[in-house]
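Chemist: Here is a sequence together with a model predicted from it:
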Amino acid sequence: MRTHLTGQKMFFAGKWVNSEQIIEVRNPQDNSIIDVVPAATAEDMLNCVKEAEEGAEIAAAMPVHERIKVINGAADHIEQHSGKYARTIALESSKTIREAKKEVGRAIQTLRISAEEARRINGETIPFDQSPGSENRIGYFYRFPIGIIGAITPFNDPLNLVAHKIGPAIASGNAIIVKPATVTPLSALLLAEAFSLAGLPAKVLSVITGHGREIGDALVTHPAVRMITFTGGLEAGEDISRKAGLKKISMELGSNSPVIVLEDADLEEAVDSSVSGAFWAAGQNCLSVQRIYIQESVFESFKTQFVERTGEYIVGDKLSELTDMGPLITEKEAMRVEQLIEEAVSRGAVVLTGGERTGAFYSPTVLTDVPENCTIAKEEVFGPVVLLYAVADLDEAIALSNNVNYGLQAGIFTKNIDLAHKAIAKLDVGGIMVNDSSDYRIDAMPFGGVKNSGLGREGIKFSIQEMTEPKVVCFKLSSH
Ligand code: NAP
């Protein structure tokens with residue numbers, strides 16, 4: 001594959017700028033350099049916040065019809081150049097071209113929903129006269145933008161998860177500074193280009209490329225930044241939460257999602273969607289199916305079908321339309337997954353299929369008999385590995401599903417509505433998919449987790465709630 005290095009600039013307060021230090025962006029498939037981007041310094045970030053202070057005033061003063069026009073304009077641009085966006089995702093991340101095309105479609109939707117929601121940022125009238133002595137007061141509240149939002153994003157959905165920050169921020173009249181993942185900055189820069197071409201005023205948006213550990217603190221601890229919206233891993237999320245101080249925090253973190261398959265389920269459907277949910281983006285997906293609890297009577301049949309479907313997966317060149325699964329984001333990540341599996345096997349786990357690494361590629365892997373005290377049973381694997389367990393009944397499946405420190409989403413396959421409702425009530429998660437795997441999301445739904453999976457909710461309308469505050473207005477009348 002020919003690579004054409006252009007040397008990307010970062011989007012600093014509406015201008016495209018270089019920096020002395022650079023970061024090489026590599027294709028995880030063969031480690032070739034795709035491009036370079038600036039490695040910003042903490043000083044660059046501080047200067048950017050200064051510009052954003054003006055940007056926040058500009059953003060808040062933008063009439064809603066302008067915000068709608070700009071956001072839809074950015075969506076139009078992506079639609080018109082969708083091939084370029086998909087190819088960029090497929091080159092810099094570990095997604096296949098088919099997965100990348102889906103992400104581009106999702107990002108367009110995320111922006112269109114943001115444009116729609118801009119016109120629905122409503123307040124309410126307040127019946128002040130409910131309080132004795134306030135009979136002569138009338139008023140209302142409306143929602144105002146909080147100012148500057150700092151967004152820090154991960155590598156696994158390098159376009160759509162950035163759109164989930166920028167779309168609602170601009171819809172609600174805020175300025176936003178994005179720090180994308182160092183390994184996948186190109187898609188975020190392309191998104192900034194779409195907004196710039198759509199006429200977003202300078203200083204409202206910046207995309208600053210650089211290492212989180214070097215420039216993150218300057219953004220996170222800055223008092224003028226009123227909210228940090230973070231999507232990424234638990235460790236960085238906890239570090240950021242500790243440092244942020246008195247500002248809003250939204251945390252979209254990881255999980256190790258369970259799926260429950262009861263004996264009355266449509267097994268073929270359960271196998272199909274759980275295989276896809278386990279190996280989408282090589283398992284580097286916050287909603288990835290990691291643990292499947294199958295009722296004993298159908299365990300053998302489910303296992304056989306699951307292993308068979310997994311064996312059909314085509315792993316290889318990300319740019320081929322035939323490929324089902326690409327590499328992990330780096331060889332180091334693939335080695336981390338390898339070690340987790342080795343630990344499980346040393347404690348008695350059985351590899352039913354997969355378990356092989358070649359460079360950054362790790363074959364889709366199905367394990368059984370994994371003891372509960374193994375790291376892979378408790379923590380997020382973030383790789384193409386799924387654990388199968390036989391359970392006696394729903395109660396056991398629920399108890400085991402909840403026996404971890406995460407809770408993003410879960411899936412249950414059953415035709416019995418009473419059992420489905422029991423699972424809905426008892427599973428400790430932010431979302432439950434009935435007759436689907438945990439890996440289902442639309443961009444308009446409230447999205448987020450409990451326990452170590454996060455704090456707050458995304459999904460445009462819900463992000464807008466987090467990115468705005470109510471302002472109360474009360475008129476005291478001289479007579480009534
Ligand atoms: P990560 O290592 O936590 O990095 C995420 C972002 O945080 C990157 O931009 C990173 O910058 C930055 N960062 C790291 N340490 C930082 C620090 N101390 N201060 C400020 N910024 C810092 O996560 P990842 O490996 O990219 O993504 C995988 C994780 O994201 C998984 O756990 C996955 O479940 C989670 N995720 C959650 C959701 C959700 O919606 N719940 C969605 C997708 C992914 P550098 O790249 O420069 O290190």
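Modeler: The structure has been received and is ready for your questions. Residues are numbered from 1 along each chain as shown.

Chemist: Check the offset of whichever strand or helix holds residue 226 from the chain's centre.
Modeler: Using DSSP states H and E, residue 226 maps to strand 225-231. Distance of strand 225-231 from its chain centroid, counting by CA atoms, centre = their mean, to the nearest Å, is 14 Å.

Chemist: and what of stretch 318-337?
Modeler: Worked out by CA atoms, centre = their mean, stretch 318-337 lies 19 Å from the chain centre.

Chemist: follow-up on the earlier one: anything in the next helix or strand after the strand holding residue 226 near the ligand?
Modeler: Downstream of strand 225-231, the next assigned helix or strand under DSSP H and E is helix 234-244. Yes: judged by CB under 6 Å from any ligand atom, helix 234-244 comes into contact with the ligand at 236, 239-240. In short, each C-beta sits where N, CA and C put it, glycine included.

Chemist: What of stretch 246-264?
Modeler: Yes: contact of stretch 246-264 with the ligand (CB under 6 Å from any ligand atom) involves 252-254.

Chemist: about what we covered before: between the residues of helix 234-244 next to the ligand, identify the one with the most neighbours.
Modeler: residue 240 (22 neighbours; other CB atoms under 10 Å).

Chemist: unless I'm mixing things up, it is touching residue 231, no?
Modeler: No: with contact defined as CB atoms under 8 Å, residue 240 does not count as touching residue 231 (11.0 Å).

Chemist: anything in contact with each of the two?
Modeler: By the contact definition CB atoms under 8 Å, 6 or more residues apart in numbering, residue 240 and residue 231 are jointly contacted by residue 152.

Chemist: For stretch 165-177, list every residue counted as buried.
Modeler: Judged by neighbour count using 16 or more other CB atoms under 10 Å, the buried positions of stretch 165-177 are 165-177.

Chemist: What mean pLDDT does that stretch get?
Modeler: For stretch 165-177, mean pLDDT rounds to 99.

Chemist: what about that stretch, start to end distance?
Modeler: Taking CA to CA, to the nearest Å, stretch 165-177 runs 10 Å from one end to the other.

Chemist: and it, how far out from the chain's middle?
Modeler: 16 Å.

Chemist: how does this structure divide into domains?
Modeler: 6-253+454-472, 257-443 (automatic domain parsing).

Chemist: Return the mean pLDDT over the last one, rounded to an integer.
Modeler: Rounded to a whole number, the mean pLDDT of domain 257-443 is 98.

Chemist: next one: stretch 37-56
Modeler: The average pLDDT within stretch 37-56 is 98.

Chemist: ditto for stretch 472-480
Modeler: Stretch 472-480 shows a mean pLDDT of 89.

Chemist: C-alpha coordinates for that stretch, PDB please?
Modeler: Listed next in PDB are the C-alpha coordinates belonging to stretch 472-480 (Å, rounded to 0.1, in the frame of the first residue of the first chain):
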ATOM      1  CA  VAL A 472     -33.800  30.700  36.900                       C
ATOM      2  CA  VAL A 473     -35.600  33.900  36.200                       C
ATOM      3  CA  CYS A 474     -38.200  35.300  38.600                       C
ATOM      4  CA  PHE A 475     -40.300  38.400  38.200                       C
ATOM      5  CA  LYS A 476     -41.600  40.000  41.400                       C
ATOM      6  CA  LEU A 477     -44.800  41.800  40.500                       C
ATOM      7  CA  SER A 478     -46.100  44.700  42.400                       C
ATOM      8  CA  SER A 479     -49.700  43.400  42.100                       C
ATOM      9  CA  HIS A 480     -51.400  40.300  40.800                       C
END
